[in-house]
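J.: no FASTA, just this:
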DNA sequence: TTGTTAATGCAATAATGTTGCATTTATAAT
DNA sequence: ATTATAAATGCAACATTATTGCATTAACAA
Ligand SMILES: [Mn+2]
Ligand SMILES: [Mn+2]
Ligand SMILES: [Zn+2]
Ligand SMILES: [Zn+2]
């Protein structure tokens, strides 16, 4: 993964710098999603010293080049809504205009619970976010999943 | 909603204070999930002045009492993982020990896309988080969904 | 009305994230 | 190998989000 990522950097005209190598290596080694500050701490532990700004910029580049991707659902800044916590919170979020819409669906919950039960997980709540384009921003060339 | 929430506060022995009333009212009026600082700004706009610490504590209490709930998927602190961004990122997250596990499922994606298409949304990516108990932490009394 | 103490406000601090600019360094050119 | 170029980094400053401790205030019971 690290070597192929380095090739992508070169082929696309980006420089192969020490910070970029180091971030690639720590992500490869960790085998789990890391925050910018996670990465910084792991590098500090190995005696390396990267500024957090650099890490943010390196990660942004990696995401742009599809060498890495962000996972929005872990931890995170919180919003509150009135009402009891229901088992199902699903959102569509438009990547163009930011519009979002909440919905719920028993069928999806049932399907998810069935799958996660297979590896012993007991689901109590489902959060889901569909990223894409709302009806107003829709364009024909987006990748549908 | 505000009146019934106030009753819950009283019945459970919590005081009905001005900050608690104000946060309830602004959440009720907004009809959308609000962050603590969203709430503070909305109240400032009406000439009210609540400390952000108070708002955090009020919201925590509301969540504990099931008068409100947090929505983790909006905005949020970001983690990165190596590898191209695939269309499907699903996690189980144990609310007891924090363990998480990623998985993907084409069937779930198809079901979600079908539903959101009905209101004109063009999905490109699916993020999902199942909150509950992992196999090791499983207990018989959790609410399954 | 008064007393009790839960709740708030404030100060301080931590954690996360962004911007501008001077300096360094990866790479191309010589 | 040396030099020139500009991309990338490091640093400082600042903005936003979040937590903790404690003095003061105010809800509500007596
Ligand atoms: Mn909801
Ligand atoms: Mn992934
Ligand atoms: Zn849109
Ligand atoms: Zn667990």
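T.: That came through, no problem. All values reported here derive from a predicted model rather than from experimental measurement. Ligands and ions are numbered 1, 2, ... in the order given.
J.: could you list the domains of chain A?
T.: Here the domain parsing of chain A from automatic domain parsing is A:1-80, A:82-135.
J.: how about those, which one is nearest DNA strand D?
T.: Comparing the domains of chain A against DNA strand D with C-beta to the nearest atom of the strand, the closest turns out to be domain A:1-80 (3.3 Å). (Glycine included, C-beta is placed from N, CA and C.)
J.: low-scoring stretches of chain A, by residue?
T.: Under the criterion of pLDDT under 70, the regions of chain A flagged as low confidence span A:71-87, A:95-98, A:139-145.
J.: the residue in chain A positioned nearest to ligand 4: neighbouring residues, count only.
T.: When scored by C-beta to the ion, chain A has residue A:121 as its residue closest to ligand 4, at 9.0 Å. Residue A:121 has 25 neighbours, counted by other C-beta atoms under 10 Å in any protein chain shown.
J.: secondary structure class for the closest residue to it other than its chain neighbours?
T.: Distances taken as C-beta to C-beta, 6 or more residues apart in numbering or on different chains put residue B:92 closest to residue A:121, at 4.5 Å, once the chain neighbours are dropped. Taking DSSP: H, G, I helix; E, B strand; the rest coil as the rule, one finds residue B:92 in the strand state.
J.: which helices and strands sit right next to the helix or strand hosting residue A:63?
T.: When elements are defined using DSSP states H and E, residue A:63 is found to belong to helix A:52-64. The elements that helix A:52-64 packs onto, with contact taken as 3 or more C-beta pairs under 8 Å, 6 or more residues apart in numbering or on different chains; DSSP states H and E, are helix A:18-30, helix A:36-45, strand A:68-71, strand B:79-82.
J.: secondary structure class for residue A:126?
T.: Assigned by three-state DSSP, the conformation of residue A:126 is strand.
J.: can the helix holding residue A:63 be said to contact DNA strand C?
T.: Yes. Helix A:52-64 is in contact with DNA strand C by C-beta under 7 Å from any atom of the strand, via A:52-53, A:56.
J.: which of these count as buried?
T.: When neighbours are counted using 16 or more other C-beta atoms under 10 Å in any protein chain shown, these contain no buried positions.
J.: would you convert these into a markdown table that also reports distance to residue A:7?
T.: Written out in a markdown table, the entries for those read as follows (distance: C-beta to C-beta, whole Å):
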| residue | distance to residue A:7 |
| --- | --- |
| A:52 | 27 |
| A:53 | 26 |
| A:56 | 23 |
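J.: DNA strand C: which of those residues is nearest?
T.: Taking C-beta to the nearest atom of the strand as the measure, residue A:53 is the one of these closest to DNA strand C, at 4.0 Å.
J.: what does chain A put close to DNA strand C?
T.: Where chain A comes near DNA strand C, counting by C-beta under 7 Å from any atom of the strand, the residues are A:10, A:15-18, A:35-37, A:52-53, A:56.
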